[in-house]
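A.B. asks: would you be able to build a 3D model of this:
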Amino acid sequence: MPAARRLFPGLVPGLVAALVAIGLALGLALGPMTASPLAQELRFFRIGTGTTGATYFPIGGLIANAISNPPGSRPCERGGSCGVPGLIAVAQATSGSVENLNLMAAGTLESAMSQADIAFWAHTGTGPYEGRPPMTGLRAIANLYPETVHLVVRADAGIDDVGDLAGKVVSLGDEGSGTLIEARAILAAHGLDESDVDARYLRPGPAADRLAEGGIDAFFIVAGQPVAAVADAAARVPIRLVELAGPEVEDLLDFPFFVETEIAEGVYPGVPATRTLAVGAQWLVREDVDDDLVYGITRALWHPSTQLLLAGGHPRGAEIVPGNALTGLAVPLHPGAERFYREAGLLPDEEPGEVAPEPALPEPALPELDAAAGPKPSAGMIPGRKPVPAAR
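C.D. replies: Sure thing, here's the model as predicted:
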């Protein structure tokens with residue numbers, strides 16, 4: 001995607017000018033007895049997503065469309081927008097979870113999508129973020145859907161398991177992506193690191209192209225299935241998915257957000273059912289974003305019209321449902337989102353003056369460091385676990 005389309009700030013002046021022109025035209029056409037759409041407060045809201053060849057970007061685009069309600073839109077009850085009045089949300093393409101969290105911490109994005117484990121480690125300053133200031137300003141809007149770890153290989157590459165990647169040309173994911181952190185963790189769980197492979201750091205689309213052309217032997221991608229880049233590669237050249245199961249991944253399953261799952265036969269042409277790992281995709285927002293705005297956004301996310309839009313717009317969209325919204329949240333809920341969930345009956349009511357607890361994490365939780373247990377582990381290492389390679 002061209003830089004001009006990826007960088008939201010560069011789009012704002014032209015977008016605002018266009019909206020002003022449309023609003024003035026509508027105001028003149030409707031006449032003096034009708035309030036101009038510009039009477040609504042115009043607000044912009046950026047959602048960091050991922051690369052265009054993965055899943056965050058299309059899902060983020062659907063969500064941005066659903067929560068937007070630009071001035072002059074037809075009312076919800078008349079079949080128009082059911083988003084937040086005056087809000088224009090934009091899905092911004094990025095490298096993925098790591099870049100998204102960095103941009104949120106810098107104040108460049110109001111919200112973003114992230115893998116649950118990356119968000120948890122960043123929020124607590126643990127795992128790959130050991131030794132870095134915790135990103136304590138991260139808050140959750142909702143858990144969305146499970147993301148699946150794909151290790152995609154050419155069928156003729158002679159790669160039957162992760163150990164066979166040694167000496168092969170492998171794309172580990174783009175710098176700034178959650179995929180890169182997961183790939184490093186999976187290599188480490190199998191006794192390998194980046195120096196054992198001929199590493200490349202490609203986005204999913206270019207990685208699929210290089211695989212089909214014979215330029216690489218394998219690539220990692222963590223995204224909701226089906227992943228467009230994987231489907232594209234499968235349509236061009238015979239591929240296989242390497243199974244991620246067995247004793248080697250048990251340490252990974254001890255982390256609080258990984259679960260075992262399966263990519264079913266037929267998801268990708270010619271690829272049989274494959275056991276692998278999954279982690280939740282979650283929608284996060286900065287703590288300092290207005291409570292009423294986040295309340296309205298959360299309400300719009302779970303409006304029935306949004307559910308229809310998501311279910312019809314992407315295969316993973318049907319999994320984005322209120323019943324999963326609070327499952328395994330990696331960071332505390334934003335107060336605006338929390339208010340909605342309490343009103344919707346998804347959280348118990350608080351007593352007056354009660355402070356809402358942070359959401360419970362699924363077991364087993366990451367163990368705390370014990371000063372009496374010995375020297376502090378090196379960066380990226382969790383006691384009793386193999387080291388998780390640090391975020392870069």
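
A.B. asks: roughly how far apart are Asn69 and Leu144?
C.D. replies: Distance of Asn69 to Leu144, computed by CB to CB, to the nearest Å: 21 Å. The C-beta positions use only the backbone N, C-alpha and C, and glycine is treated the same way.

A.B. asks: and the helices in the protein, which stretches?
C.D. replies: In the chain, the segments counted as helices under DSSP state H are 3-6, 8-30, 56-67, 97-105, 116-124, 178-189, 204-213, 228-236, 250-253, 291-301, 304-313, 335-343.

A.B. asks: what sits up against the fifth one?
C.D. replies: This points to helix 116-124. For helix 116-124, the surrounding residues in contact (CB atoms under 8 Å, 6 or more residues apart in numbering) are 97-98, 101, 126-129, 134-136, 138, 143, 178, 181-182, 255-258, 279-282, 284, 328-331, 361, 366, 388, 391.

A.B. asks: OK, contacts around Ala105?
C.D. replies: Ala105 touches 135, 137, counting by CB under 8 Å, 6+ apart.

A.B. asks: for it, give its distance to Phe44.
C.D. replies: For Ala105 relative to Phe44 (CB to CB), the value is 19 Å.

A.B. asks: low-confidence stretches in the stretch 51-200 of the chain?
C.D. replies: Across the stretch 51-200 of the chain, no stretch falls below the confidence threshold (pLDDT under 70).

A.B. asks: show me where it has its strands.
C.D. replies: Here the stretch 51-200 of the chain has its strands, by DSSP state E, counting those that start in this stretch, at 87-92, 111-115, 138-154, 169-171, 198-200.

A.B. asks: out of those, deepest packed?
C.D. replies: Burial of the strands of the stretch 51-200 of the chain is given as mean neighbour count (mean count of other CB atoms under 10 Å); strand 111-115 ranks first at a mean of 29.

A.B. asks: and it, what does it pack onto?
C.D. replies: When contacts are defined as 3 or more CB pairs under 8 Å, 6 or more residues apart in numbering; DSSP states H and E, strand 111-115 sits against strand 43-48, helix 56-67, helix 97-105, strand 138-154, helix 178-189, strand 274-286.

A.B. asks: out of the strands of the stretch 51-200 of the chain, which is closest to Pro272?
C.D. replies: strand 138-154 (13.5 Å; CB to CB).

A.B. asks: next, count neighbours for the nearest residue to Asn65 once chain neighbours are set aside.
C.D. replies: Nearest non-adjacent residue to Asn65, counting by CB to CB, 6 or more residues apart in numbering: Leu309, 7.0 Å away. The tally of other residues near Leu309 (other CB atoms under 10 Å) stands at 17.

A.B. asks: I'd say Leu309 and Ser68 touch.
C.D. replies: No: Leu309 is beyond contact range of Ser68, at 11.5 Å (criterion: CB atoms under 8 Å).

A.B. asks: would CSV of the helices and strands packed on strand 111-115 with distance to Ser305 be doable?
C.D. replies: Listed next are the helices and strands packed on strand 111-115 as CSV, based on distance: least, CB to CB, whole Å:
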stretch, distance to Ser305
strand 43-48, 18
helix 56-67, 7
helix 97-105, 26
strand 138-154, 17
helix 178-189, 30
strand 274-286, 18
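
A.B. asks: which of these sits closest to Asn324?
C.D. replies: Per CB to CB, nearest to Asn324 of the helices and strands packed on strand 111-115: strand 138-154, 5.7 Å.

A.B. asks: returning to what we had before: among the helices and strands packed on strand 111-115, which comes closest to Ala228?
C.D. replies: helix 56-67 (8.0 Å).

A.B. asks: how many degrees apart are the closest one and helix 228-236 in direction?
C.D. replies: 130 degrees (axes from the mean of the first three to the mean of the last three CA atoms, to 10 degrees).

A.B. asks: run through the neighbouring helices and strands of helix 56-67.
C.D. replies: Helix 56-67 packs on strand 43-48, strand 87-92, strand 111-115, strand 274-286, helix 291-301, helix 304-313, going by 3+ CB pairs under 8 Å, 6+ apart.

A.B. asks: report the rounded mean pLDDT for the fifth one.
C.D. replies: Okay, so that is helix 291-301. Mean pLDDT, computed over helix 291-301, is 97.

A.B. asks: only C-alpha atoms, please: export that helix in CSV.
C.D. replies: Written as CSV, here are the backbone C-alpha positions of helix 291-301 (Å, rounded to 0.1, in the frame of the first residue of the first chain):
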residue,chain,number,x,y,z
ASP,A,291,-15.0,7.5,28.2
ASP,A,292,-18.2,8.6,26.4
LEU,A,293,-16.5,8.1,23.0
VAL,A,294,-15.3,4.6,23.9
TYR,A,295,-18.7,3.8,25.3
GLY,A,296,-20.3,4.8,22.0
ILE,A,297,-17.7,2.9,20.0
THR,A,298,-18.3,-0.3,22.0
ARG,A,299,-22.0,0.1,21.7
ALA,A,300,-21.7,0.5,17.9
LEU,A,301,-19.4,-2.5,17.7
